[in-house]
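Chemist: Fold the following for me, if possible:
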Amino acid sequence: MSTAELLKGAAELFPDEVVTQAHVRHLDLPAGAGRFALITLDNGLDHTKPTTFGPQSLANLDAAIAQVEAVASEGSIVGVGVTGKPFIFAVGADLKGVELLKRHEDALAIGRGGHDVFKRLAALAVPTFAYYNGAAMGGGVEIGLHCRYRTVSAALPAFSLPEVFLGLVPGWGGCTLLPNLIGAERAVSVVIENSLNQNKQLKGAQVHELGIADAIFEGADFLEQSLLWTASVLKGELEIVRPSVDRGEAWDQAVARGRAFADSKVHGAAPAAYRALDIIAAAKDGDLQAGFDAEDRALADLIMGGELRAGIYAFDLVQRRAKRPAGAPDKSLARPVTKVGVVGAGLMASQLALLFLRRLEVPVVLTDIDQERIDKGVGYVHGEIDKLLLKSRINQDKANRLKALVSGVLDKAEGFADADFVIEAVFEEMGVKQQVFAEVEAVAPAHAILATNTSSLSVSEMASKLRHPERVVGFHFFNPVAILPLLEIVRGERTDDAALATAFGVAKKLRKSAVLVKDAPAFVVNRILTRFMGEIQNVIDEGTPVAVAERAVEPLGLPMSPLVLLELVGPAIGLHVSETLHRAFPDRFTVSENLAAVVKAGKRGFYVYDSGAPELDPEVAALLKQGDTVLTEEQTRERVLDAVAQEIGLMLAEGVVAEARDIDLCLLTGAGWPFHLGGITPYLDREGVSERVNGKRFLAPGVASVPA
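Modeler: Residues are numbered from 1 along each chain as shown. Model (predicted):
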């Protein structure tokens with residue numbers, strides 16, 4: 001079957017969401033270097049919309065290559081270049097269609113179709129050039145790898161092979177060509193480590209330093225400079241010399257390092273990283289076609305697996321649903337925020353002050369019970385601004401301006417009299433928070449929004465003693481505030497639409513993923529995590545060894561084990577949240593006596609790290625009182641997953657969020673749960689837990705799963 005027939009058949013199965021055109025224009029290179037063909041990838045949309053490769057887009061590119069192929073064979077041109085529309089090169093495969101595939105052979109055709117088109121570019125009779133002028137990901141990176149030479153813009157903001165992050169492998173040459181270009185060690189960093197580090201992106205300078213690009217030019221005249229450089233290369237004035245690739249023991253060590261890294265991140269739970277590493281390992285002998293065939297097989301197998309479907313689902317949640325929160329009121333109701341007040345000057349309050357300051361660039365004032373604490377909080381913000389300056393993230397003028405905008409006062413009346421938005425971050429105790437809000441309401445303007453960063457307490461009860469409870473809203477951040485994107489926006493019983501709209505407006509300016517949450521105990525993330533960790537603690541209390549309980553949930557590939565997470569959160573906070581939920585739901589949430597003993601003893605966690613690895617603290621081990629019921633890893637995992645599925649089912653029945661998608665979005669963005677799980681509900685569906693516990697799936701068949 002020809003490439004054209006292959007792509008036509010694929011296009012009938014799933015049309016491109018957005019069709020990319022490949023425009024060919026002929027131009028004369030500078031300095032009399034000769035006639036040159038330039039292919040520009042453009043989807044016809046505004047410059048912010050990414051250019052992707054679906055079947056029809058690949059067919060268009062194939063036709064463009066055929067066009068230049070004819071003139072190249074005649075000797076009418078001296079070279080061919082590929083570039084993108086302004087600011088965007090190309091971001092890879094159109095995955096919206098891939099998830100519709102039902103047959104392995106159709107999935108196999110996708111890999112072969114992309115390879116056939118890109119290999120045709122590589123086989124042209126003249127030298128080929130890729131000009132990475134903007135964002136390049138996945139297939140966008142790979143088409144450039146099929147060219148003989150590459151340049152990159154210094155202004156390029158994002159460059160990656162993110163497939164492993166989503167549950168795929170770089171399947172159009174990435175696993176095979178990249179290690180043969182820059183060596184296995186660097187290729188493993190790009191393909192495996194960057195992907196599994198929350199899809200870390202490279203900048204233009206890093207692309208050049210890694211040796212992926214042969215030259216780097218400033219963004220303002222990038223294409224012009226690239227064409228001048230191309231002329232020099234073609235005229236023989238500039239010789240491109242690349243370092244030799246070490247195909248000895250260093251290659252094997254790099255692959256082994258990649259496997260160890262994958263184990264630390266997904267614990268063997270998701271196959272994509274390991275399939276990619278197998279292909280990189282085999283690429284050592286330089287047999288490119290064998291590598292391409294292996295990529296095709298891996299793509300097809302993974303496309304037909306649940307992890308990719310869950311990864312695409314998760315990506316869609318983060319990229320689309322997070323930008324259009326379900327249930328958010330009309331944004332026209334939002335009030336302007338020109339000054340922010342922060343009650344408290346501890347670490348969390350100081351982090352919040354810094355975030356509001358950087359994103360809103362309005363005056364931010366902190367208050368606390370004494371001047372020493374206030375000075376420490378303001379000092380923290382100033383220190384973080386200085387760090388940004390040292391890293392060249394901001395210039396001196398902006399640093400001075402931001403520092404001038406943050407202040408601290410003891411008197412709330414002085415600080416908040418003209419504030420539009422006041423958020424409290426004080427001790428997690430209802431009486432304390434009610435007192436704080438009463439004091440703020442007495443001095444803040446009538447229009448000011450009063451927000452609470454509570455992690456588990458009732459927003460409605462907190463507002464119940466105020467004259468105007470309608471302006472109180474939950475605004476729950478996750479730690480570290482600067483990194484985790486989630487913001488749970490909680491509507492109290494009397495919160496009005498204006499307060500809610502203002503909260504969502506502020507969240508957008510803060511660049512957070514806001515999810516509307518009902519005022520229910522511990523809201524979403526903390527409620528699920530507390531049930532999850534509570535069951536782990538229960539089986540430990542009943543007699544299961546700590547190591548067995550921890551290993552039981554490794555197949556989920558979570559970012560950290562339950563007890564390491566507890567250490568990060570803080571045992572005292574974990575105990576407090578479990579006590580809050582036990583009061584609300586005593587039949588499902590327990591308070592671990594062992595955890596209480598750990599907190600009472602002042603221990604910061606269950607582990608010590610004297611050997612460099614986590615080991616059960618002997619002092620904690622001496623505190624533990626366990627029964628004689630010992631579960632296996634499988635029994636523990638089943639019990640924990642059943643508990644989580646039950647809790648999610650109850651939360652959806654209570655209307656805590658609009659639907660299961662919001663549960664998953666919260667876990668992805670607030671707890672760092674992996675994309676290959678899709679959050680949690682696709683995994684529970686795939687493993688049959690949802691139906692076993694609740695009698696039905698959380699998601700419809702075909703959503704985050706292979707269509708029936």
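Chemist: could you list every residue that touches the residue nearest the centre of the chain?
Modeler: In the chain, the residue lying closest to the centroid (Cα atoms, centre = their mean) is residue 198, at 4.9 Å. By Cβ atoms under 8 Å, 6 or more residues apart in numbering, the contact list for residue 198 reads 165, 672. C-betas here are computed from N, CA, C, even on glycine.
Chemist: From residue 675, how far out is it?
Modeler: Noted for residue 198: a distance of 9 Å to residue 675, by Cβ to Cβ, to the nearest Å.
Chemist: before we move on, what about residue 327?
Modeler: 24 Å.
Chemist: neighbour-wise, which of these two wins?
Modeler: When neighbours are counted by other Cβ atoms under 10 Å, residue 675 comes out ahead of the other of residue 327 and residue 675, with 28 against 15.
Chemist: which residues touch the lengthiest helix in the chain?
Modeler: Within the chain, and with DSSP state H defining each element, the longest helix by residue count is helix 633-654. With contacts defined as Cβ under 8 Å, 6+ apart, helix 633-654 is touched by 518, 520, 524, 527-528, 531-532, 534-536, 539, 544, 548-549, 551-553, 555, 588, 631, 657, 659-660, 663, 680-681, 684, 687, 689-690, 692-694, 698.
Chemist: And the buried ones among those residues, selectable in ChimeraX?
Modeler: Those of the contacts of helix 633-654 that count as buried under 16 or more other Cβ atoms under 10 Å are selected in ChimeraX with:
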select :518,520,524,527,528,531,532,534,535,536,539,544,548,549,552,553,555,588,631,657,660,663,680,681,684,687,689,690,693,694,698
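Chemist: Identify those among the contacts of helix 633-654 that sit within helices.
Modeler: Using DSSP H, these in helices are 527-528, 531-532, 534-536, 539, 548-549, 551-552, 660, 663, 681, 684, 689-690, 692-694.
Chemist: any idea which element residue 71 lies in?
Modeler: In this structure, residue 71 is located in helix 55-73 according to DSSP states H and E.
Chemist: what packs against that helix?
Modeler: Identification of packing neighbours for helix 55-73 by 3 or more Cβ pairs under 8 Å, 6 or more residues apart in numbering; DSSP states H and E yields helix 3-13, strand 21-29, strand 34-42, helix 104-122.
Chemist: sorry, back to before: give the intersection of the neighbour lists for residue 198 and residue 675.
Modeler: Common contacts of residue 198 and residue 675 (Cβ under 8 Å, 6+ apart): residue 165.
Chemist: could you pull out the helices for the stretch 451-600 of the chain?
Modeler: Here the stretch 451-600 of the chain has its helices, by DSSP state H, counting those that start in this stretch, at 459-463, 497-509, 525-542, 546-552, 562-569, 571-584, 593-600.
Chemist: Just the pLDDT at the most far-flung residue of the chain relative to its centre, thanks.
Modeler: Residue farthest from the centre of the chain, counting by Cα atoms, centre = their mean, is residue 74 at 48.0 Å. The score at residue 74 is 89. That number is its pLDDT.
Chemist: ditto for residue 47
Modeler: 69.
Chemist: again with the one 10 residues further on
Modeler: The per-residue pLDDT reported for residue 57 equals 92.
Chemist: Compare the helices and strands packed on helix 55-73 and report which one is nearest to residue 353.
Modeler: Proximity to residue 353 (Cβ to Cβ) singles out strand 34-42 among the helices and strands packed on helix 55-73, at 43.6 Å.
Chemist: ok, that closest one: who's next to it in the sheet?
Modeler: Strand 34-42 has the following strand partners under DSSP bridges: strand 21-29 (antiparallel), strand 79-84 (parallel).
Chemist: Tell me which of those strands is the most buried.
Modeler: Of all the strands paired with strand 34-42, strand 79-84 has the most neighbours on average by mean count of other Cβ atoms under 10 Å, namely a mean of 26.
Chemist: Would you mind getting the angle between it and helix 104-122?
Modeler: Per axes from the mean of the first three to the mean of the last three Cα atoms, to 10 degrees, the angle that strand 79-84 makes with helix 104-122 is 130 degrees.
Chemist: hmm, who's touching strand 79-84?
Modeler: By Cβ under 8 Å, 6+ apart, the residues outside strand 79-84 that reach it are 29, 34, 36-42, 51, 68, 72, 89-90, 121, 124, 126-131, 133-134, 136, 140, 143-144, 147, 223, 226-227, 230, 234.
Chemist: Who are the packing partners of the next helix or strand after it?
Modeler: Moving toward the C-terminus from strand 79-84, the first helix or strand encountered (DSSP H and E) is strand 88-90. Applying 3+ Cβ pairs under 8 Å, 6+ apart, one finds that strand 88-90 contacts strand 135-137, helix 139-145.
Chemist: so where is the chain shaky, pLDDT-wise?
Modeler: For the chain, the stretches flagged by pLDDT under 70 are 1, 47, 708.
Chemist: what residues are up against the nearest residue to residue 658 once chain neighbours are set aside?
Modeler: Nearest residue to residue 658, sequence neighbours excluded (Cβ to Cβ, 6 or more residues apart in numbering): residue 326, at 4.0 Å. Contacts for residue 326 (Cβ under 8 Å, 6+ apart) come out as 515-516, 657-659, 661-662.
Chemist: What residues are bridge-paired with the closest residue to residue 61 other than its chain neighbours?
Modeler: Of all residues not flanking residue 61 in the chain, residue 22 sits nearest, at 4.4 Å (Cβ to Cβ, 6+ apart). Beta-bridge partners recorded for residue 22 (DSSP bridges): residue 41.
Chemist: quick one, strands of the stretch 151-300 of the chain?
Modeler: Ranges of strands in the stretch 151-300 of the chain, per DSSP state E, counting those that start in this stretch, are 159-160, 215-217.
Chemist: Turn those strands into TSV, columns for mean neighbour count and distance to residue 114.
Modeler: Below are the strands of the stretch 151-300 of the chain laid out as TSV (neighbours: other Cβ atoms under 10 Å; distance: least, Cβ to Cβ, whole Å):
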stretch	mean neighbour count	distance to residue 114
strand 159-160	26	17
strand 215-217	20	26
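Chemist: With distance to residue 189 added, can I get these in TSV?
Modeler: Formatted as TSV, these follow (distance: least, Cβ to Cβ, whole Å):
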stretch	distance to residue 189
strand 159-160	11
strand 215-217	19
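Chemist: Nearest to residue 193, out of the ones you listed?
Modeler: Minimum separation from residue 193 across the strands of the stretch 151-300 of the chain (Cβ to Cβ) falls at strand 159-160, 11.3 Å.
Chemist: what helices or strands is that closest one leaning on?
Modeler: strand 135-137, helix 204-209.
Chemist: Each with direction, which strands does the first one pair with?
Modeler: Looking back up the chat, that one is strand 135-137. Strand pairing for strand 135-137, using DSSP bridges, gives strand 88-90 (parallel), strand 159-160 (parallel).
Chemist: list the contacts for the nearest residue in space to residue 624 that is not next to it in sequence?
Modeler: In space, residue 624 comes closest to residue 594 once its chain neighbours are excluded; the distance is 5.2 Å by Cβ to Cβ, 6+ apart. Residues near residue 594 by Cβ under 8 Å, 6+ apart: 537, 540-541, 623-626.
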